[in-house]
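A.B. asks: Take this sequence and fold it.
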Amino acid sequence: MTDLSKVPVTVVTGFLGSGKTTLIRHLMRNPQGRRLAVLVNEFGSVGVDGDILRDCADENCPAENIVELANGCICCTVADDFIPTIEALLARSEKPDHILIETSGLALPKPLLKAFDWPAIRSRITVDGVVALADAEAVAAGRFAPDPAAVDAQRAADASLDHETPLSEVFEDQIACADLILLTKADLAGEAGLAAARQVIAAEAPRDIPTLAVTDGAVDPRVVLGLNAAAEDDLAARPSHHDGADDHEHDDFASAVIALPDAADPQAVADAVTALGRDHRVLRAKGHVAVAGKPMRLLVQAVGERVRHQFDRPWADAPRRSRLVVIAERGDLDPAAIAARLGGTVESSDI
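C.D. replies: Okay, here's the model as predicted:
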């Protein structure tokens, strides 16, 4: 059992758009008597996921216990962001009973686990478990996890061929570090898709990892929380493409913030964002859009060409600013072209 003097931490990892925020919202609504705190690691400068989670704040997870780490990937900013934030949470008069960490879609879990050995916190917190979310439909289609045997055969035939993209390495590292894998969006994948996704994950996993299919984050919290894995003490069983490296870079990815005018039609916004995935190879887009004549803000979230949009809450006293964060592989991201496609302007970018 977990040392009762240590606060358990659940690391929720997974590729872009895999459903991490949806899962954490579900856990916040079903805390099993725990007082929760949530750390959200955004990739980009607009805190969409943090806003979504703060809308679910209650006495079990008050708004002040929802903290955004927006200065870059959490596994690259451990000393600057993660350690001080954990220390601040543990110093509160009402210390959380359990901490949830939503990593960015590009984060490698293993460097984060290593941070739990830092002298300032190692006697006070423990990794209850690493939960990796995988979009079942995408995995079944082979977009992020190529067949290892096929890759080996192609490499043997031509040493110049490289089918291990940066995206697949991130995916494989997240799977390898997991104590539990959730195949999300099971309703979209169907039984055949789920079976194919399980085969891909079994081929990539370094050991037998429990794998469950879920829809809309609906999983019994008792399955996710209380794993007692003490994962920081089990690093050798969690291999990484980056083992032996002092650090890693995310130079393969870039992001931009696009400022938009008020929209006349939500569906037109969704169609334009769909085109970004199709024509501009945008991996992820998310943000809020002001719709003319509507007091509610439009939440837009996209993974490739799959777009979801809904009115989430009134703008109230917040400024009506329409902004989208877009993420793509560095060579594919053209902020000016994307802004032109959306009828907006480039507010910032990291290229």
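A.B. asks: Near Pro319, how many residues? Count them for me, please.
C.D. replies: 6 (other Cβ atoms under 10 Å). Heads up, the C-betas are built off the backbone N, CA and C, glycines and all.
A.B. asks: What residues does it make contact with?
C.D. replies: Not one residue lies near Pro319 by Cβ atoms under 8 Å, 6 or more residues apart in numbering.
A.B. asks: On the strand side of things, show who the closest residue to Ala230 other than its chain neighbours bridges to.
C.D. replies: Spatial nearest neighbour of Ala230, excluding adjacent residues (Cβ to Cβ, 6 or more residues apart in numbering): Thr126 at 5.4 Å. Beta bridges link Thr126 to Pro8, judged by DSSP bridges.
A.B. asks: Do you know the pLDDT at Thr126?
C.D. replies: As summarised for this prediction, Thr126 has a pLDDT of 93.
A.B. asks: pretty sure it is touching Asp117, no?
C.D. replies: No: here Thr126 lies out of contact with Asp117, judged by Cβ atoms under 8 Å, at a distance of 10.8 Å.
A.B. asks: Looking at those two, which is more packed in?
C.D. replies: Thr126 (22 against 11).
A.B. asks: how much space between that one and Ala292?
C.D. replies: Remark: distance between Thr126 and Ala292 (Cβ to Cβ, to the nearest Å) = 50 Å.
A.B. asks: again, but for Trp118
C.D. replies: Counting by Cβ to Cβ, the gap from Trp118 to Ala292 is 50 Å.
A.B. asks: Please identify which of these two sits among more neighbours.
C.D. replies: Counted by other Cβ under 10 Å, Trp118 and Ala292 do not tie: Trp118 has more neighbours, with 15 against 9.
A.B. asks: three-state assignment of that one?
C.D. replies: coil (DSSP: H, G, I helix; E, B strand; the rest coil).
A.B. asks: So Pro96 sits against Leu36, correct?
C.D. replies: Yes: in this structure Pro96 lies within contact range of Leu36 using Cβ under 8 Å: 6.0 Å.
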